[in-house]
Each structure stands twice: as C-alpha cells, then as structure tokens.
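1. sequence and predicted model, in that order:
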Amino acid sequence: MLTINWRTDPQLFDSKPVTKTSWLNANELIATGRKKGLFLGDNRLLNLFPILVRRSDFVRRTNRDRILARFPYLGLTQKERTIVQENILLIAEKARDYFYRSYNQKILAWKQLLDNYLERGFVPLPLIRCMEKFQKIMLSRERQFESARGDPFTMPVKLTQELAYLSGVIQGDGNLQRYTLSVVDYSLDHIQQLRQRFQRLFGQEGRIQYKTPNSPELLIANKWVVRFFSFLTGQPIDKPKYPSLQEPLIFHQEPFRSSYWGGVMDADGSYKGNSVTFTTTSKGYANNFFQFLKEKEIDGTIIEREDGTYQVYLPHKYLKQYKGIVVCYHPEKFQELAKLKIGTSREKKGFKGFKEEALINGYFNFRLMNGLHIVGLGAYVQCWRGKNTKKAYAKSVGIAPTTLAAIETNTNALAIETLEKALNREQRALMPFLASCLGSIRFRKGRTRPIKLAVQPNSQLRTIAQGLAFYKNIIRIERNEADLSKQLEEKFAVTIKGGKITHKVLRDYFKTFCKLTKKG
C-alpha cells in the first residue's frame with residue numbers, strides 16, 4: 001500500500017505550502033475542472049478536510065512550534081473511538097509516516113497520543129487520513145469540533161440556502177482576518193439575526209461590539225470559520241476583498257444562487273425611492289449581479305457613477321418578478337421592499353413632436369428650465385461691465401460683487417435670470433444671444449457637469465427624441481442604442497452609459513421641450 005504524507009497527500013488542495021493569501025479556493029478549483037475534490041462521494045457532502053487544513057499548516061518553522069495545535073479537532077462517536085482503539089498501532093504507524101518532517105514521533109509515542117485523544121474524544125483532523133476507510137463516514141454529517149484549547153464549534157457538511165445567504169452577506173459587509181470574521185451593519189436587529197444563523201450553522205454566537213454608535217459589528221473569533229468562508233467565496237484573508245470580488249461558482253446553481261444574492265442585497269442593496277438598486281466598487285461584481293438578473297429575465301441597467309462605484313438598477317416593471325426570486329432577511333430592508341408598489345409597468349411615453357408653446361420665434365424657451373446656469377460667459381460679462389465698478393454693475397443685475405467677480409473668471413456659472421437682466425441692458429434678446437455663442441458655453445444645474453444644448457429644433461434632435469422612451473424619473477434609449485448614444489454624446493457633450501440618460505439637465509431639456517404621449 002502506498003504511504004502518503006502531508007507533502008504528497010492528493011486531497012490537500014495546494015500543491016505545495018503557500019501563504020494564506022495564495023490558498024486555492026472553490027472558484028479556482030471549479031474553474032480548472034477540479035470540482036470533484038470539493039466533495040465526498042455523491043457530490044453532496046463537502047470534503048471538510050482540505051477546506052480546513054492546508055499544507056502550510058504542517059510546516060515547522062522553529063523547534064518550539066506546536067504543530068498539532070494548528071488543526072481543528074474532530075469529535076468521535078463511541079463507536080468510532082472503539083474502532084480507533086482496535087486499530088491503534090496501525091493508525092499510529094500511519095500517523096508517524098503522515099507527519100514525517102512536520103511532527104516527528106515514533107510509533108509508540110503516537111500510540112500514547114492517540115490514547116490521550118481517545119480519552120478526550122477528539123482527534124486532530126489530519127488523523128482521518130490515517131483512517132482513510134472511515135473518512136467519509138466521519139464527515140458524513142454535522143460533527144462537533146474543538147480547537148486545541150477545547151473551544152467547541154460545528155461545521156456544515158452540505159451546501160444549504162442559509163450558507164449561501166451568509167456567504168452573500170459576508171462578501172457584502174464582511175471582513176476576514178486570520179482569526180476573526182466580522183460583519184458590520186447599521187441595523188442591530190439584522191446583526192442579531194445573523195448571530196442566530198452563525199449559532200445554528202457553526203455553534204458560534206460571537207459577540208457584538210460598536211465601531212461607531214450607529215454601526216454594530218458581529219465578531220466570530222474562529223479561524224476555521226474564516227477559512228471555510230474564504231474557501232467558498234474566494235474572499236481573501238487579511239487582504240482587501242474588492243479586487244477579487246466575484247460571485248462564488250459553488251453557489252451558481254439554484255436554489256443557492258438566489259439565496260446568495262439575497263445576502264448580498266441585504267448588505268449592499270437598496271429598496272428606497274420606489275426602486276431596487278445594488279451598489280459596489282467592483283465592476284466585475286456588478287456585472288455578476290447584472291448577469292444573474294438577465295438569466296432570470298430581468299433587464300437591469302449598470303451605471304458607473306462619478307464616485308467610481310457601479311450601480312445596478314432594476315426597472316420598476318420587474319419588481320414583482322424580483323420579489324419572487326431574491327430572499328430578504330434584513331429586518332429594515334424587508335419592510336422597505338414590502339412597501340415598494342408592484343405594477344406591471346411604469347407608464348412609458350414616447351416623442352410626438354416639439355411643444356409649440358415652449359418655442360419663441362423658433363427657439364426653445366430656456367426660461368422654462370428652472371435653475372439653469374450658463375458656464376463660459378466671463379469675457380462677455382467683462383465687456384458689458386465696461387468701466388463700471390463691479391459693485392455698481394453687480395447691483396444693476398441683482399447679484400453680489402463677489403459673485404460677479406467669480407463669473408468674470410468663469411469660476412461661477414451665470415443664472416439664466418441674471419443673464420437676461422444683463423442682456424436687457426445691452427438691448428439683446430436671450431435666445432438669439434445664446435445661439436450666437438453656443439461653441440464657447442455650456443449649461444448646468446447645481447453641481448452637474450456642464451453640457452451643450454441645442455437652442456432650436458432640428459432633424460437630428462427629432463431623430464434622437466424618437467428613439468427615446470420617457471418614464472417618470474428616467475429616459476431610456478429604446479432603439480438603435482449604440483448609434484443614438486454616440487449622437488447624444490457628440491451633440492450634448494455628455495456621457496451615456498447603460499442606454500440611459502441620467503444627466504439632470506439633459507433629462508429636463510427633453511421633458512421641457514418634447515411633446516409626449518403614452519406608449520403601449
């Protein structure tokens with residue numbers, strides 16, 4: 001019979017001892033066709049041994065290293081203890097060989113250790129490799145474990161929806177350190193329900209502390225729970241999670257997948273403003289959620305926001321479908337989700353021409369756009385002020401001298417009402433003036449990014465508007481998305497992403513000057 005040891009054991013995932021930041025995880029094993037090694041027998045039982053034990057655990061760095069204290073200890077039934085006792089010398093010999101150059105002991109010394117373990121009722125987990133024919137039996141159901149110090153815990157042996165849900169929460173709001181798993185949330189009720197789940201699955205109640213007065217944090221101090229979740233999700237230990245954040249492949253099948261994303265949404269989702277959104281700093285992770293929704297026949301939209309985050313937005317018409325797929329156990333978010341009104345679809349409107357009442361002498365009446373400001377008029381204002389003092393001219397147009405100074409240097413934008421007062425002094429009309437200087441000015445509201453606007457209807461603007469679908473709060477590109485997106489970006493100097501017009505000025509522009517009628 002071939003003798004195995006910790007250096008050659010084919011069940012250990014890493015081919016050689018590596019640090020914890022380089023440990024193989026379920027994503028990498030599945031992606032490389034090694035999924036079979038994750039399970040025992042019928043692909044239903046998790047093979048806990050290589051998940052909890054790594055080849056680097058056996059490496060002796062100093063003579064004082066307590067090698068056996070590094071491992072979890074597996075609880076034995078009375079029947080198993082009897083079997084071990086009957087085969088104790090054979091197991092001791094295999095233990096000597098298995099731990100060669102890690103924990104060097106003679107056979108009789110191992111026999112004495114085994115006697116001590118049998119009296120305790122727990123053995124270091126690697127010893128099951130010295131009782132190979134019992135390994136599947138020993139790990140075929142939820143078992144009691146202990147640390148070397150005797151702290152008890154349990155480990156799930158099967159994938160469950162609750163395990164998938166917790167994995168989602170941890171990838172959203174959790175952090176993995178060498179000995180501690182932590183989850184932070186604004187809701188104490190949510191933290192307490194998570195605490196109950198850890199108690200059920202791992203026998204670990206943990207403790208709750210407050211990072212800030214409004215941020216309760218659940219701490220689970222158990223390094224094997226940390227290893228377990230790191231392996232399942234690919235989330236690294238003692239390392240930033242966002243660069244490697246991805247949907248775990250091990251939960252890619254239902255019913256686990258919907259439960260996993262339910263956990264993620266309980267962490268990073270929002271059900272406010274009568275909409276469903278998911279926000280993350282990881283573009284790849286946003287795409288994972290977008291693809292999940294797409295496979296459920298929900299057409300979401302990904303938006304890259306100015307703060308560098310990515311937001312997946314669900315159109316309201318998919319709300320009922322979403323509620324039937326993704327679980328929600330967060331107490332506050334559950335209430336928010338329940339309050340969202342379900343409808344078959346929000347009212348959609350289409351372009352039917354330009355509003356005649358919004359036109360003056362063939363120009364769009366920009367006075368109808370509340371809060372509109374113009375950027376780039378500094379040189380004009382300086383010219384109009386002429387030899388007047390800033391104080392006198394500012395008073396004549398109804399602004400403060402400091403505001404005037406900022407406008408003249410193009411630091412501030414000029415409100416359209418103030419511009420019209422200045423133009424009245426020059427006996428010039430508002431819209432023809434704007435038309436004459438479109439190449440050098442931009443328009444904005446509040447702190448929005450300045451953009452260009454057309455001041456008169458034309459065929460290109462009509463074609464663009466005909467390809468849009470207008471909802472209460474958003475405008476979507478309904479057809480010829482790539483072409484219309486390019487036209488919008490070139491004509492208005494605006495960025496279009498996800499087939500959606502999100503710029504406030506451009507949305508108001510179309511809704512102010514376009515005649516809209518309900519579409520089917």
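-> Great, that's in hand.
2. against Leu90, how distant is Thr281?
-> 54 Å (Cβ to Cβ, to the nearest Å). (Glycine included, C-beta is placed from N, CA and C.)
3. go on, Gln192?
-> 49 Å.
4. do Ser485 as well
-> Between Ser485 and Leu90 the distance, using Cβ to Cβ, works out to 72 Å.
5. neighbour-wise, which of those two wins?
-> More neighbours surround Ser485 than the other of Ser485 and Leu90, with 20 against 13 (other Cβ atoms under 10 Å).
6. so the more buried one sits against Ile477, correct?
-> Yes. Counting by Cβ atoms under 8 Å, Ser485 sits close enough to Ile477 to count as a contact (6.2 Å).
7. tell me who's in contact with the nearest residue in space to Ser440 that is not next to it in sequence.
-> With sequence-adjacent residues excluded and distances taken as Cβ to Cβ, 6 or more residues apart in numbering, Ser440 is closest to Gly376, at 5.2 Å. Under the criterion of Cβ atoms under 8 Å, 6 or more residues apart in numbering, the contact partners of Gly376 comprise Asn410, Cys437, Ser440, Ile441, Arg442, Pro450.
8. quick one: which helix or strand includes Gln11?
-> Assessed by DSSP states H and E, Gln11 sits outside every helix and strand.
9. hang on, it packs against Gly37?
-> Yes. At 7.1 Å, Gln11 counts as touching Gly37 under the criterion of Cβ under 8 Å.
10. find residues that contact each of those two.
-> Asn47, Pro50.
11. spit out the contact partners of the most centrally placed residue in the chain.
-> The residue at the geometric middle of the chain, judged as the C-alpha nearest the mean C-alpha position with Cα atoms, centre = their mean, is Thr280 (4.0 Å). Applying Cβ under 8 Å, 6+ apart, one finds that Thr280 lies in contact with Leu245, Asp268, Ala286, Phe289, Thr309, Tyr310.
12. please redo it, this time with the cut-off set to 6 Å
-> Thr280 makes contacts with Asp268, Ala286, Tyr310, as judged by Cβ atoms under 6 Å, 6 or more residues apart in numbering.
13. inside helices: which ones of the residues you listed?
-> Secondary structure of the contacts of Thr280 is defined by DSSP state H; positions in helices are Asp268, Ala286.
14. now render the contacts of Thr280 as TSV, adding neighbour count and distance to Ala26.
-> As requested, these are exported to TSV (neighbours: other Cβ atoms under 10 Å; distance: Cβ to Cβ, whole Å):
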residue	neighbour count	distance to Ala26
Asp268	20	22
Ala286	22	21
Tyr310	21	24
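15. how much space is there between Tyr73 and Gln427?
-> When distances are taken as Cβ to Cβ, Tyr73 and Gln427 turn out to be 93 Å apart.
16. who has more neighbours, these two?
-> Looking at Tyr73 and Gln427 with other Cβ under 10 Å, you find the greater number of neighbours at Tyr73, namely 24 against 6.
17. which residues are contacting stretch 411-428?
-> With Cβ under 6 Å, 6+ apart as the test, stretch 411-428 has contacts from 366, 372-375, 377, 384, 397, 399, 406-407, 430, 433.
18. out of those residues, the closest to Tyr471 would be?
-> The shortest distance between Tyr471 and any of the contacts of stretch 411-428, using Cβ to Cβ, involves Leu372 and amounts to 22.4 Å.
19. pull the contacting residues for the closest one.
-> Leu372 makes contacts with Phe366, Ile416, as judged by Cβ under 6 Å, 6+ apart.
20. now with 7 Å, please.
-> Neighbour list for Leu372: Phe366, Ile416, Phe443, Lys445 [criterion: Cβ atoms under 7 Å, 6 or more residues apart in numbering].
21. in this structure Tyr186 contacts Ser215, no?
-> Yes. Applying Cβ atoms under 7 Å as the test, Tyr186 and Ser215 come out as touching, 6.4 Å apart.
22. quick one on the thing from earlier: overlap of the contact sets of Ser485 and Ile477?
-> Among the neighbours of Ser485, those also in contact with Ile477 (Cβ under 7 Å, 6+ apart) are Gly499.
23. quick one: name whatever helix or strand follows the one helix or strand in the chain whose mean pLDDT sits lowest.
-> The helix or strand of the chain with the lowest confidence, counting by mean pLDDT, DSSP states H and E, is helix 135-138 at a mean of 66. Going down the chain from helix 135-138, the next helix or strand is strand 143-146, by DSSP H and E.
24. got a list of contacts for that next one?
-> Counting by Cβ under 7 Å, 6+ apart, the neighbours of strand 143-146 from elsewhere in the structure are Pro72, Tyr73, Leu74, Gly75, Phe122, Pro152, Phe153, Thr154, Met155.
25. got JSON lines for those, with distance to Gly498 too?
-> Rendered in JSON lines, the data for the contacts of strand 143-146 read as follows (distance: Cβ to Cβ, whole Å):
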{"residue": "Pro72", "distance to Gly498": "46"}
{"residue": "Tyr73", "distance to Gly498": "52"}
{"residue": "Leu74", "distance to Gly498": "51"}
{"residue": "Gly75", "distance to Gly498": "53"}
{"residue": "Phe122", "distance to Gly498": "55"}
{"residue": "Pro152", "distance to Gly498": "50"}
{"residue": "Phe153", "distance to Gly498": "45"}
{"residue": "Thr154", "distance to Gly498": "44"}
{"residue": "Met155", "distance to Gly498": "42"}
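26. where does the most far-flung residue of the chain relative to its centre sit: helix, strand or coil?
-> Within the chain, the residue lying farthest from the chain centre (Cα atoms, centre = their mean) is Lys387, at 58.2 Å. Following DSSP: H, G, I helix; E, B strand; the rest coil, Lys387 is assigned to coil.
27. per-residue confidence for it?
-> According to the per-residue confidence, Lys387 scores 92 in pLDDT.
28. swap in Lys211?
-> Per-residue pLDDT puts Lys211 at 80.
29. for it, which residues are in contact?
-> Counting by Cβ under 7 Å, 6+ apart, Lys211 touches Val184, Glu217.
30. that one falls within a helix, correct?
-> No. Assessed by three-state DSSP, Lys211 does not belong to a helix; its assignment is strand.
31. so, low pLDDT: which residues of the stretch 301-450 of the chain?
-> In the predicted model, the stretch 301-450 of the chain carries pLDDT under 70 at residues 341-346.
32. for it, what spans make up the strands?
-> Remark: strands of the stretch 301-450 of the chain, listed N- to C-terminal, are 301-304, 310-314, 349-354, 359-360, 363-364, 373-375, 414-415, 442-444; assignment by DSSP state E, counting those that start in this stretch.
33. the first one - contacts with which helices or strands?
-> Where contact means 3 or more Cβ pairs under 7 Å, 6 or more residues apart in numbering; DSSP states H and E, strand 301-304 is packed against helix 283-295, strand 310-314.
34. who does the shortest one pair up with?
-> Strand 310-314 has these partner strands in its sheet, going by DSSP bridges: strand 276-280 (antiparallel), strand 301-304 (antiparallel).
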